[in-house]
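Colleague: sequence first, predicted coordinates after that:
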Amino acid sequence: MNKTDEKLLNNVLDNNPYEADSYNIRKNGKSIDRKINPYVNIISKEDGSGIDIYVKENTLLQIIDIPVIITESGLKDVVYNDFHIGKNSNIVIVAGCGIHNSFSHDSVHDGIHRFYLEENSQVKYIEKHYGSGMGTGKKILNPITEIIMQKGSRMTMDSTQLKGVDSTFRTTKATLYEDATLIINEKILTNNSQYAKTDFLVNLEGTNASCHVTSRSVATDNSYQEFTSNIIGNAKSFAHVECDAIIQDKASVKAIPEIYANFVDANLIHEAAIGKIAGAQLMKLMSLGLTEKEAEETIIKGFLK
């Protein structure tokens, strides 16, 4: 691990991976370090394309780190990580990808994460994306998250795109059965000519299944963002989707809500708001001695917090 590797890890993780209960660190398409324990087992797929993570039933308060870093220009890394979460478990999974590209070829990471939550299990999933490097080669991240949630399970997914990612297509698909709850908090920042697209597809199949999606985004310069949500209620269920965006300069944001109630007691709500920073907010902060730029940065930081 060199200084560049350490900086990437520091930006995509909130903790030191070597202090986690278990971990798998992937660099430039290969696993370079791993730790397991009696409660969490991590096994490489036979074809080397990813890992299987097995969490035993009744496992509590385990932290699992699975960061990916790329420092090789021109690399296209595709990884399949499958999470098998046993009954009554309660764990934290910290993921994320950092790309450093100082040369002219595009570097790409496509991470396909599949979650299988058994009855009454709970998962907090934290994912951060970050790009650095002054080369002309792009930093491209295309995460796909697929979630199957059995009776009484609960998952909270906090997804954050920090600075430096040139292009991203983020896909999340989930199927929820009886009494399952899915909470998704997404935060995205784009600038320059960056592109970000998010697709959510959630099927509420079981009685009292519920989903809450909150998207906060800031688009500046000439960047473009697109948010699509497709929530389908096939039983007595509840969903609330909230999309809020701030735009500046010549940036564009597009929000496409789609909700389908296929059952009389499916309660589905979608809210979207897109606009610039309010002048009153700027004036209030500037009256405290901040410059206009400092005031804007303060508002954006608070909005994405």
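Modeller: Happy to help now that I have it.

Colleague: export stretch 171-191 to PDB, keeping only CA atoms.
Modeller: Only the C-alpha atoms of stretch 171-191 are listed here, as PDB (Å, rounded to 0.1, in the frame of the first residue of the first chain):
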ATOM      1  CA  THR A 171     -28.700   0.800 -10.700                       C
ATOM      2  CA  THR A 172     -30.500  -0.500  -7.700                       C
ATOM      3  CA  LYS A 173     -33.100  -3.300  -7.800                       C
ATOM      4  CA  ALA A 174     -34.900  -4.600  -4.800                       C
ATOM      5  CA  THR A 175     -37.700  -7.100  -4.000                       C
ATOM      6  CA  LEU A 176     -39.300  -6.900  -0.500                       C
ATOM      7  CA  TYR A 177     -41.400  -9.500   1.100                       C
ATOM      8  CA  GLU A 178     -43.600  -9.400   4.200                       C
ATOM      9  CA  ASP A 179     -42.700  -6.800   6.800                       C
ATOM     10  CA  ALA A 180     -39.400  -6.000   5.100                       C
ATOM     11  CA  THR A 181     -38.100  -2.400   5.200                       C
ATOM     12  CA  LEU A 182     -35.600  -0.800   2.800                       C
ATOM     13  CA  ILE A 183     -34.200   2.800   3.400                       C
ATOM     14  CA  ILE A 184     -32.000   4.400   0.800                       C
ATOM     15  CA  ASN A 185     -30.100   7.700   1.200                       C
ATOM     16  CA  GLU A 186     -28.300   8.800  -1.900                       C
ATOM     17  CA  LYS A 187     -26.000  11.900  -2.200                       C
ATOM     18  CA  ILE A 188     -24.300  12.900  -5.500                       C
ATOM     19  CA  LEU A 189     -22.100  15.900  -6.400                       C
ATOM     20  CA  THR A 190     -21.100  16.600 -10.000                       C
ATOM     21  CA  ASN A 191     -19.200  19.400 -11.600                       C
END
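
Colleague: how about that stretch: buried residues?
Modeller: Going by neighbour count (16 or more other Cβ atoms under 10 Å), the buried part of stretch 171-191 is 171-182, 184-191. Any C-beta I mention is one placed from the backbone N, CA and C, and that applies to glycine too.

Colleague: among these, which are located in strands?
Modeller: 171-176, 181-182, 184-190 (DSSP state E).

Colleague: and of the residues you listed, the nearest to Ile66?
Modeller: Thr172 (17.2 Å; Cβ to Cβ).
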